[in-house]
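Enquirer: what's the 3D shape of this:
(chains A, B, C and D)
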2 protein chains.
Amino acid sequence: MQSPKPFAMDHVDFITQQWERERPDLDVTAMGVIGRVARLYLAYQRGMHATFAEFGLNAAKFDVLATLRRSGAPYTLSPGDLLKATMVASGTMTNRIDRLEADGLVKREVNPEDSRSFLVGLTEEGLALVDRAVTAHVQTQAQLLEGLETQEVETFKELLSKAQAAANS
Amino acid sequence: MQSPKPFAMDHVDFITQQWERERPDLDVTAMGVIGRVARLYLAYQRGMHATFAEFGLNAAKFDVLATLRRSGAPYTLSPGDLLKATMVASGTMTNRIDRLEADGLVKREVNPEDSRSFLVGLTEEGLALVDRAVTAHVQTQAQLLEGLETQEVETFKELLSKAQAAANS
DNA sequence: TCTCCTTATCTTGACATCGAGATAATGGAT
DNA sequence: ATCCATTATCTCGATGTCAAGATAAGGAGA
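Expert: Have a look, this model is predicted:
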C-alpha cells in the first residue's frame, strides 16, 4: 500500500475495480454508490432480523403488525389499506394475514360499511407483542447507526432523500 | 404547515410521525435513516429490473453472469467461488446455475483439479449477452443518480461506507 | 490401503412472493 | 329493479430462496 492516505478496499471497490480492468469503456461511478446502498440495506436487514426472531416474527409479519399498531386505536385496517402501506402484491397480503391469524396476533372482523371487505385487527396478544417488539426494534436500529455523528446522520438523511427524489424522476 | 422552510413529507416521514404520536417514548431517529435506505434500495431495484428484463434476465441471473464476466477470461468459476461472491445459500446457487444452463448462457465443465467440483463457464451467447446487458445496466444506474451533483455523490458514497462500517461493528 | 474428517455440490421440503384470473359485493345509470 | 363497471379480496401456479441433510471426492495419517 503506497497510497499516501490509508484506503481500505471493501467488496464494492473490489467489484468496480474488476469491471474497470475488464471493461474500461464503462463508467462504474454509479455502481459504486448503488452497490453500497444495496450492501447497507442487506446489513441492516441482517441486524434487524435477529430482533424480529426474538419475538417469533420476521420482517413480513412485523411489517403488518407495526402498520396496524401505528395506525392508532382501534388498530384495524382493511387488507387494501395494508396493501397500500406495505407495497406487496395482494396474494402476499392474504398469505401474511392468514399466518398472523394462525398465530393469534390478528383477527379478521366484519366491515359494517362494506361487506366485500373486512377489517384486520390486532388481537390483545398482537398488540402486546408488537409493542414489545418495536421497542427492541428501535434500539437495534439505533445500534446499527452507532458510530455515526449526529451531524453525519443528518447529512446522510438529506442525501438519502435527495437520492430518492432523483431515482423517482 | 407553519414551518419557515418548505418541507415535503415523504412516506418515511409519515411513518415516523405516526410512531411519534402513538409511541412518544420511542426515539425513531434511526428509523428515519434505515427506512430511507430501504426505500432507496427498492427504488433502485425497480429501476434496474426493467433493464435486466430487456435481456431476458433478472437480478439473480445477472448477478451470476456478471460475476463470471468480471472475473476475466476464461470466465469460469466454481459454484463455491460464485457462492462466496454472491452471498446466497448453496441450494440457491445450484438452482441459478441450472436455470442459466437451461438458457444456454453458462455450462458446467469438468474441473481437472478437483472432481468433487466443476467449473461454471460463460457460453459464447452468455458472454455476448452479459456484455450487452452490463453496458445498459451502468447507463440505467447513471440515470438513477442523475440529479445529484458530483460532490453530493462523493459525500454520499463516503457516508454509505461509514454507515456500512458502523453497522458491522 | 483403509479410515475418517473435511470439502463441494446437490436434493428436498418449507415458505414467501408475484401476477393473473376468479369470486363477490358495491353503487351509479337506465 | 336491473345491469354493469368498479372495487376488494382470495385462489392458484410458477419462481426464488433458505436450511438441513445427502452424496461424493479429496487428503492426511496409521
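
Enquirer: distance of residue A:48 from DNA strand D?
Expert: Separation of residue A:48 from DNA strand D (C-beta to the nearest atom of the strand, to the nearest Å) stands at 14 Å. To be clear about C-beta, it is placed using only N, CA and C from the backbone, and glycine gets the same treatment.

Enquirer: for DNA strand C, what's the nearest residue on chain A?
Expert: residue A:91 (2.2 Å; C-beta to the nearest atom of the strand).

Enquirer: isn't there a strand covering that residue?
Expert: No. Membership of residue A:91 in a strand is not supported by DSSP: H, G, I helix; E, B strand; the rest coil, which gives helix.

Enquirer: domains of chain A?
Expert: Here the domain assignment for chain A is A:9-54, A:57-154, based on automatic domain parsing.

Enquirer: quick one: those as a markdown table, columns for distance to residue B:67, mean pLDDT and mean neighbour count too.
Expert: Shown next, in a markdown table, are those (distance: least, C-beta to C-beta, whole Å; pLDDT from 0 to 100; neighbours: other C-beta atoms under 10 Å in any protein chain shown):
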| stretch | distance to residue B:67 | mean pLDDT | mean neighbour count |
| --- | --- | --- | --- |
| domain A:9-54 | 9 | 93 | 17 |
| domain A:57-154 | 26 | 93 | 16 |
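
Enquirer: after the helix or strand hosting residue A:52, next one along is what?
Expert: Using DSSP states H and E, residue A:52 falls within helix A:29-54. Counting by DSSP H and E, the next helix or strand C-terminal to helix A:29-54 is helix A:59-70.

Enquirer: and chain A, which of its residues are near DNA strand D?
Expert: Listed as neighbours of DNA strand D in chain A under the rule C-beta under 7 Å from any atom of the strand: A:78-80, A:83, A:90-91, A:93-95, A:97, A:108, A:114, A:116-118.

Enquirer: the residues you listed in strands, which ones?
Expert: A:108, A:118 (DSSP state E).

Enquirer: and the furthest pair within the residues of chain A next to DNA strand D?
Expert: A:95 and A:114 (22.1 Å; C-beta to C-beta).

Enquirer: from what I see, residue A:137 and residue A:63 are in contact.
Expert: No. Contact criterion C-beta atoms under 8 Å: residue A:137 and residue A:63 do not qualify, at 11.1 Å.

Enquirer: got a list of what the nearest residue to residue A:64 once chain neighbours are set aside touches?
Expert: The shortest distance from residue A:64 to any non-neighbouring residue, by C-beta to C-beta, 6 or more residues apart in numbering or on different chains, is to residue A:96 (5.3 Å). By C-beta atoms under 8 Å, 6 or more residues apart in numbering or on different chains, the contact set of residue A:96 is A:60-61, A:63-64, A:88.

Enquirer: before we move on, what about residue A:66?
Expert: By C-beta under 8 Å, 6+ apart, the contact set of residue A:66 is A:130, A:133-134.

Enquirer: same deal with residue A:126?
Expert: Residues near residue A:126 by C-beta under 8 Å, 6+ apart: A:65, A:68, A:75, A:100, A:104-106.

Enquirer: in three-state terms, label it for me.
Expert: Using three-state DSSP, the structure places residue A:126 in helix.

Enquirer: where's it relative to DNA strand D, distance?
Expert: For residue A:126, the distance to DNA strand D equals 17 Å [C-beta to the nearest atom of the strand].

Enquirer: for residue B:52, see how far away that residue is.
Expert: To residue B:52, residue A:126 is 38 Å away according to C-beta to C-beta, to the nearest Å.

Enquirer: what does stretch A:44-58 rub up against?
Expert: Under the criterion C-beta under 8 Å, 6+ apart, residues A:59, A:61-62, A:65, A:103, A:129, A:132-133, A:136-137, A:140-141, A:143-144, B:34, B:37-38, B:167 lie in contact with stretch A:44-58.

Enquirer: try it again at 7 Å.
Expert: Contacts of stretch A:44-58 from elsewhere in the structure, counted by C-beta atoms under 7 Å, 6 or more residues apart in numbering or on different chains, are A:59, A:62, A:129, A:132-133, A:136-137, A:140, A:144, B:34, B:37, B:167.

Enquirer: around DNA strand C, which positions in chain A sit nearby?
Expert: When proximity is defined by C-beta under 7 Å from any atom of the strand, chain A lies next to DNA strand C at A:58-60, A:88-92, A:95-96, A:99, A:114-116.

Enquirer: which of the residues you listed lies closest to chain B?
Expert: The closest of the residues of chain A next to DNA strand C to chain B turns out to be residue A:59 (C-beta to the nearest C-beta; 9.8 Å).
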